[in-house]
Structures are given as C-alpha cells and as structure tokens.
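1. I need the structure of the sequence given here:
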Amino acid sequence: MRVPVLTTRFLGSSLFIAFIFLIAACTNMENAELSERTTFIKLYSGIQGIEAAAAELTDDGYIVLGNMTISRDSVLTVVFKTDKRGNRTTPIRYYQGGSGNAIKALPNNQGYIIVGERIKTDPGASQTDNIDIISARMLHISNDLDSIKTLYRRDETTNIIKTDYSGVSVTITPNNKVVVLGTYQETLSTPVRPYLQQFNASLTTEESYIEFALLQRSYRNSKSIHYLNGNFVWASSIALEQQNFDFSYATIPFIQDGSVFTNYSELGITTAATQSLRPNDIQPSKLPNIGDVGFGVVGTRANPNGSNANMIYFRVSPQGEIYPSSVKYFDAIDGSVDVATSDIQDYGTALTATSDGGFVLAGHFTTNPQKGNGLNDILLVKVDLQGNMFWMKTIGGTGSETVSTIRETEDGGLLICGTNSLSNVPSIFLIKTDREGKLKD
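-> Numbers count the residues shown, from 1 in each chain. Now for the predicted structure:
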C-alpha cells in the first residue's frame with residue numbers, strides 16, 4: 001500500500017498540515033474519498049504518466065487538460081471533468097494526434113477547443129530542419145468530451161525546408177470569434193515569431209491569419225491571450241537563446257483586431273544582456289472597471305544561466321503599458337525581495353485575479369536544506385494590484401510539484417492544477433484551498 005503525503009508549510013511558521021491518502025489495490029488517488037470539506041487535494045493517474053497543461057472552471061466543476069507522452073512524436077491529449085470537490089465525473093479521455101496547451105469553452109454550448117501541436121519526426125530527413133516538423137493543432141470536442149473535428153496549421157508548400165507552427169493559447173471574443181495565438185519558425189536558425197489565427201464560432205471558417213515579424217529575436221509567449229476593447233493583449237519574452245543561456249526581456253504585445261502592433265511596452269530591455277526574463281501568464285483584474293485597471297503578469301527573472309531565479313509580478317494598463325512601480329520580485333525564503341536577492345530558486349508560472357482586486361501568483365521553488373519537502377514545492381503569493389505582498393504560502397510533498405493553472409472559484413477559494421512527479425512518474429493534481437491558500441480539515 002502506497003501512502004504519499006502532501007504537506008503545506010506556512011512562511012514564518014512551523015505549522016504543517018498533512019493530507020494522507022490511503023490506497024488499497026489501486027494507484028489512482030482520486031479513489032481515496034475525503035470527508036466533506038471546502039478544500040481538497042486530488043491526484044489523477046492515467047494509463048501511464050500524465051502531465052497537466054491547464055484547468056478551467058465549468059458550471060458544475062472543472063475541466064482538466066493534460067498530456068501523455070509516449071515518445072517525442074507520439075503524445076496524446078488528455079481531458080477529464082470533475083465536480084466542485086474534484087471527483088471525476090467523466091472517464092479520462094485520450095486523443096491521438098498531438099499535445100494540448102490550452103482549452104476554452106466554445107460559445108453557444110458547442111463544447112471546447114484545445115490548441116497545441118503535433119510533431120512528426122523523420123530521423124533520415126535530408127534537411128536537419130525537417131527532422132522534426134511541427135504543426136499547430138486545434139481539436140474541437142463536445143461537452144461530453146467526444147472528438148468532433150481536428151484542424152491543423154501546417155506548411156503545405158513545396159519549400160525544401162518546412163515552417164514549424166505551434167498553438168499556444170486561445171480566447172473567445174465578445175462576438176464569438178475563436179482566436180488562436182501561436183508561433184511559427186521558418187528554419188532552426190531563424191527566430192520563433194507569433195501569429196494570430198481567427199475562426200468563426202463553429203470553427204468552419206478561418207477568417208484571418210496574421211504573422212508578426214518585427215524583431216530578430218524569438219518570442220516566447222505566455223499561456224494566455226485576452227481581448228479588451230477591440231484589442232488583443234498577451235505577455236511575451238523576447239529572447240536571444242545561445243546553448244544553455246537565455247538573454248531576454250519582457251514585452252506586452254497589444255494589437256488592434258485585424259491590424260499590426262499598436263503598442264509594445266517593454267520591461268528589462270536595457271538589462272537584457274544580464275538576465276533571463278520570462279513572463280508566463282497574464283490575467284485581467286476582476287475589479288468592475290477593468291477598462292481602467294488592466295492586467296497582472298507573473299513570470300520568472302533569473303541570470304542568463306538560470307541561477308538566482310525569482311518569481312516576478314508586474315501590472316499592465318488596459319492599453320498594454322507596463323507600470324514600472326508595480327514590478328516586484330519574490331523569494332520563497334525571504335518573501336518580497338529586490339532584484340539581486342535570491343536565496344532559493346523560484347519560478348512564477350500562473351496567476352489568478354481575485355474578487356478583492358488583487359492577484360494570487362502561483363509557481364514553484366526548488367527545495368534546499370533551508371526550505372521544502374521534495375524536488376519542487378508549490379509557491380503561492382497574494383498581492384494587491386501594485387504587487388505589494390499580503391501573504392505567502394508553500395505546499396509540498398516528497399515528490400516534485402509544479403503549477404500549470406490557478407483560478408479563483410465562486411466561493412472565493414483557489415483551484416490549483418499542476419503536475420506531481422514521484423519516482424519519475426507524473427500525475428495531475430487538483431488542489432482547492434480557501435481564499436488565503438490554506439488547506440482545512
């Protein structure tokens with residue numbers, strides 16, 4: 001009988017809360033039912049290891065997106081639904097043909113769209129650029145998780161070297177257009193650049209496709225894209241990648257629907273030679289005057305070789321302008337710190353707006369003898385709009401935990417979705433905490 005333990009450690013205290021899951025003759029931890037409570041921890045195992053990509057709220061619970069990797073060119077998309085207590089309400093569904101990076105509900109109750117990519121590998125290709133050919137994939141599934149259709153963005157030209165495409169994130173506009181943010185790369189020696197692809201609500205017509213090639217560096221886009229007042233906004237890292245070194249700064253592309261960049265706010269451009277700056281998620285404020293408030297961004301700031309990593313937060317205006325006074329750095333040992341202080345490796349990967357006007361940032365830190373329980377533990381930080389910290393929490397067990405998504409739930413709690421790896425076998429977790437990041441009996 002396997003008895004994994006997840007513990008939560010609060011900053012500045014010695015309080016431990018342990019949730020022990022007892023499993024008899026099974027390895028799927030969702031079968032270990034908890035007593036009635038408003039918080040929970042659930043683990044979900046597949047037919048082999050599965051990793052989390054995203055989770056979204058539904059009317060009656062949550063929908064979870066993940067991936068199961070068999071080999072580099074054989075990845076299955078994984079989807080399942082749960083109720084509001086994390087109990088699975090559907091079988092785990094597997095879809096061949098590629099991986100999934102993001103999922104959104106389609107308008108008019110037409111199911112969900114999943115965006116990702118498919119890799120085809122040919123070790124004998126005459127061109128090194130063609131050993132891996134990557135196509136963006138859009139998978140349409142029903143509310144019951146049945147596959148409806150699959151669309152691809154791929155190079156169908158006669159060019160000797162094929163362009164790679166990948167779907168990164170997706171949003172639905174107020175007039176029910178489906179917009180995919182993706183990247184394309186013409187050769188291995190050219191930058192990775194963004195594109196926007198727009199479909200009608202039923203995914204029967206591609207209405208527009210626009211590529212953006214303004215810079216000679218690679219765009220590493222965040223996992224979210226948003227539509228506000230006729231404009232698309234996301235966060236991106238503008239990166240110069242050399243072997244194991246990353247020289248990059250953050251930017252907020254702000255694009256009028258159907259046009260080119262209308263704004264291009266930047267952070268860290270003057271220090272790009274001495275840093276890696278990767279924004280990983282951007283979310284709109286929940287204040288009622290979003291048109292006056294804007295967005296929060298979370299990511300990771302480190303040295304170019306990856307050392308001295310800290311979680312970073314900054315605020316963005318509704319017009320895509322970064323507020324320099326809102327830039328804050330966080331360390332799991334020291335809390336809110338300056339840019340040069342890092343006593344432990346911290347990474348910001350997701351955030352959610354909260355109903356009080358602030359944000360909760362989520363990520364992980366690599367544990368060391370000073371702090372932590374496993375390889376990576378979860379890090380949560382509550383901030384106001386300007387990035388001032390209210391509290392910090394850490395959650396971890398003997399495995400390695402990383403976060404893909406965090407969402408505020410209708411009762412003000414926090415839903416955290418991510419991957420737990422134990423003995424190199426990944427599984428998906430859902431954790432529901434209260435509004436202060438606490439797990440309660």
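
2. And the contacts of stretch 407-415?
-> For stretch 407-415, contacts defined as CB atoms under 8 Å, 6 or more residues apart in numbering pick out 38-39, 55-57, 62, 84, 286, 352-355, 360, 380, 405-406, 430-435, 437. Using the backbone N, CA and C atoms, a C-beta is placed for each residue, glycine as well.

3. Setting aside sequence neighbours, what's the nearest residue to Lys177?
-> Among residues not flanking Lys177 along the chain, Gln198 sits closest, at 5.5 Å (CB to CB, 6 or more residues apart in numbering).

4. in the stretch 251-400 of the chain, which segments are predicted with low confidence?
-> When residues are selected by pLDDT under 70, those of the stretch 251-400 of the chain lie in 262, 290-291, 374.

5. Show me the strands in it, by range?
-> 261-267, 276-284, 295-302, 310-316, 328-331, 335-337, 345-353, 359-368, 371-383, 389-397, 400-408 (DSSP state E, counting those that start in this stretch).

6. Please produce a markdown table containing those, extended by mean neighbour count.
-> Listed next are the strands of the stretch 251-400 of the chain as a markdown table, based on neighbours: other CB atoms under 10 Å:
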| stretch | mean neighbour count |
| --- | --- |
| strand 261-267 | 16 |
| strand 276-284 | 24 |
| strand 295-302 | 26 |
| strand 310-316 | 26 |
| strand 328-331 | 23 |
| strand 335-337 | 15 |
| strand 345-353 | 25 |
| strand 359-368 | 24 |
| strand 371-383 | 23 |
| strand 389-397 | 21 |
| strand 400-408 | 24 |
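
7. out of the ones you listed, which comes closest to Ser222?
-> Comparing those against Ser222 with CB to CB, the closest turns out to be strand 276-284 (5.3 Å).

8. May I have the beta-bridge partners of the residue nearest to Lys177?
-> Under the criterion DSSP bridges, Gln198 forms beta bridges with Val179, Ser208.

9. dump the residue contacts of it.
-> Counting by CB under 8 Å, 6+ apart, Gln198 has contacts 177-180, 206-209.

10. try Pro279
-> Contacts of Pro279 by CB under 8 Å, 6+ apart are 222, 235-237, 250, 297-299, 312.

11. and which of those residues is nearest to Gly418?
-> Val298 (14.2 Å).

12. wait, that closest one sits on Ala350?
-> Yes. Counting by CB atoms under 8 Å, Val298 touches Ala350, with 6.8 Å between them.

13. Write a PyMOL command that selects only the buried members of the contacts of stretch 407-415.
-> PyMOL command restricting the contacts of stretch 407-415 to the buried ones, with burial defined by 16 or more other CB atoms under 10 Å:
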select buried, resi 39+55+56+62+84+286+352+353+354+360+380+405+406+430+431+432+433+435+437
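
14. Keep only those of the contacts of stretch 407-415 that are in helices.
-> In helices, defined here by DSSP state H, there are no members of the contacts of stretch 407-415.

15. Test for you: state the pLDDT assigned to Ile114.
-> Per-residue pLDDT puts Ile114 at 99.

16. got it, and Gln216?
-> 84.

17. Distance-wise, check it relative to Thr402.
-> Distance, Gln216 to Thr402, by CB to CB, to the nearest Å: 32 Å.

18. Identify the contacts common to Val298 and Ala350.
-> 280-281, 361-363.

19. Now flag whichever of those residues is closest to Leu139.
-> Nearest to Leu139 among those: Asp281, at 21.9 Å, using CB to CB.

20. Excluding chain neighbours, what is closest to that closest one?
-> Using CB to CB, 6+ apart, the nearest residue to Asp281 is Ala350, at 4.8 Å.

21. Pull the contacting residues for the one you found.
-> So Ala350 contacts 223, 280-281, 298, 361-363, 403-406 (CB under 8 Å, 6+ apart).

22. Check for me that Asp129 belongs to a strand.
-> No. Assigned with DSSP: H, G, I helix; E, B strand; the rest coil, Asp129 falls outside any strand and is helix.

23. Could you verify my assumption that it touches Asp155?
-> No. Here Asp129 does not reach Asp155: they are 10.8 Å apart, not a contact under CB under 8 Å.

24. okay, and the common contacts of those two?
-> Joint contacts of Asp129 and Asp155 (CB under 8 Å, 6+ apart) are Lys162.

25. how far away is Gly61 from Leu139?
-> 21 Å.

26. Using CSV, lay out the strands of the stretch 251-400 of the chain together with distance to Asp73.
-> Listed next are the strands of the stretch 251-400 of the chain as CSV, based on distance: least, CB to CB, whole Å:
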stretch, distance to Asp73
strand 261-267, 34
strand 276-284, 26
strand 295-302, 29
strand 310-316, 34
strand 328-331, 38
strand 335-337, 42
strand 345-353, 26
strand 359-368, 28
strand 371-383, 27
strand 389-397, 33
strand 400-408, 23
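
27. Out of the ones you listed, which is closest to Thr77?
-> Thr77 lies closest, by CB to CB, to one member of those: strand 400-408, at 14.0 Å.

28. Past that closest one, which element shows up next along the chain?
-> Using DSSP states H and E, the helix or strand that directly follows strand 400-408 along the chain is strand 414-422.

29. Flag every buried residue along that next one.
-> 414-422.

30. out of these, which one sits closest to Asn368?
-> Using CB to CB, the buried residues of strand 414-422 come closest to Asn368 at Ser421, 18.0 Å.

31. can you tell me how far the residue nearest to the closest one when sequence neighbours are not counted sits from Ile133?
-> Leaving out its chain neighbours, the residue that sits closest to Ser421 by CB to CB, 6+ apart is Ser400, at 4.5 Å. Ser400 is 32 Å from Ile133, where distance means CB to CB.

32. what does Tyr62 give?
-> Taking CB to CB, one finds Tyr62 at 34 Å from Ile133.

33. gap between Ala353 and Pro174?
-> 18 Å.

34. try Tyr95
-> Distance of Tyr95 to Pro174, given as CB to CB: 29 Å.

35. between the two, which one's more packed in?
-> The residue with more neighbours, out of Tyr95 and Pro174, is Tyr95; 21 against 10, by other CB atoms under 10 Å.

36. Kindly tell me how buried the nearest residue to the more buried one once chain neighbours are set aside is, as a neighbour count.
-> Once flanking residues are discounted, Tyr95 sits nearest to Thr77: 4.3 Å by CB to CB, 6+ apart. By the criterion of other CB under 10 Å, Thr77 has 26 neighbours.
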